[in-house]
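1. sequence isn't available, so here's the structure alone:
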């Protein structure tokens, strides 16, 4: 199976709070896990990515946590801001150039001020 | 948008007509991809190219064809558009040996 399951479908967080989005995958051959951020009317923008040789990667307020044995990974947005309000997609692919990204169905995040 | 342009940005067409969408990149990246985005489905790969005149099918390739005659251009053709092909189409590029894919601004296609 090539699925990537993402939850929740939508998320409302107060300004300054922590936003957490979870993804699970089935194909153990996957070894590249990016997160994309998409604003309305725009293309997805690569936010942060992780490979399974590490369990966590942090870039600014964004952190990916990776659990290889559970085949799960998550995005944490610390100190969430109204400007973070967007749709977030997790994805997975195999470690071969040119392979397709398999996307989750997306999470719409709203950060209230 | 990483030196990627898509044209047209919006198009309305009738069922049964042929439609061609264009993706143009200025990054000289080897790999180019076409995805479609539909509510509740995320993004799904239609076709991709790994070099000039080298293409392969993705998950949802039925009803679509592609061509790449130059490194910078990747065309997606709907031979006979159907209402089920109403979608937002995104082009993406990646460099040889790297997995990071960068997306264009998208084309919103409506088939009536």
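-> Happy to help now that I have it. This is a predicted model, so every value here is computed, not measured.
2. quick check: residues of chain B near chain A?
-> Taking C-beta under 8 Å from any C-beta of the partner chain as the contact definition, chain B meets chain A at B:1, B:4, B:30-31, B:33, B:40-45, B:48, B:50, B:58-59, B:90, B:94, B:96-106. Heads up, the C-betas are built off the backbone N, CA and C, glycines and all.
3. how does it look with 6 Å?
-> Contact residues, chain B versus chain A (C-beta under 6 Å from any C-beta of the partner chain): B:1, B:31, B:42-43, B:45, B:50, B:58, B:90, B:96-97, B:99-101, B:103-106.
4. which strand residues bridge the spatially most central residue of chain B?
-> In chain B, the residue lying closest to the centroid (C-alpha atoms, centre = their mean) is residue B:34, at 3.0 Å. In this entry, residue B:34 is beta-bridged to residue B:47, residue B:91, by DSSP bridges.
5. low-confidence ranges, chain A, go.
-> For chain A, the stretches with pLDDT under 70 are A:1-2, A:95-98.
6. which parts of it sit against chain B?
-> Residues of chain A lying near chain B (C-beta under 6 Å from any C-beta): A:32, A:43-44, A:46, A:89, A:97-98, A:100-101, A:103-106.
7. most neighbours among these, which one?
-> Of those, residue A:44 is surrounded by the most neighbours, 30 neighbours in total, counting by other C-beta atoms under 10 Å in any protein chain shown.
8. circling back: filter the residues of chain B next to chain A to the buried ones?
-> B:31, B:42, B:43, B:45, B:50, B:58, B:90, B:99, B:101, B:103, B:104, B:106 (16 or more other C-beta atoms under 10 Å in any protein chain shown).
9. tell me the phi and psi of the third one?
-> Spelled out, it's residue B:43. The phi/psi pair for residue B:43 (degrees, to the nearest 10) reads phi -110, psi 140.
10. how about it, what does it touch?
-> Shown in contact with residue B:43 (C-beta atoms under 6 Å, 6 or more residues apart in numbering or on different chains): A:103, B:35, B:37.
11. pretty sure the second one contacts residue B:88?
-> No - counting by C-beta atoms under 6 Å, residue B:35 stays clear of residue B:88, with 9.1 Å between them.
12. could you look up the SS state of residue A:27?
-> Secondary structure, DSSP: H, G, I helix; E, B strand; the rest coil: residue A:27 is coil.
13. quick one, which of residue B:35 and residue B:88 is more surrounded?
-> Taking neighbours as other C-beta under 10 Å, residue B:35 and residue B:88 compare with residue B:35 leading, 29 against 17.
14. and the strands in chain B, which stretches?
-> Using DSSP state E, the strands of chain B run over B:4-7, B:10-13, B:19-25, B:31-38, B:42-51, B:54-57, B:64-70, B:73-78, B:87-94, B:102-103, B:107-111.
15. pipe these into a markdown table and attach mean pLDDT per row.
-> Formatted as a markdown table, these follow (pLDDT from 0 to 100):
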| stretch | mean pLDDT |
| --- | --- |
| strand B:4-7 | 97 |
| strand B:10-13 | 97 |
| strand B:19-25 | 98 |
| strand B:31-38 | 95 |
| strand B:42-51 | 92 |
| strand B:54-57 | 92 |
| strand B:64-70 | 96 |
| strand B:73-78 | 98 |
| strand B:87-94 | 96 |
| strand B:102-103 | 94 |
| strand B:107-111 | 98 |
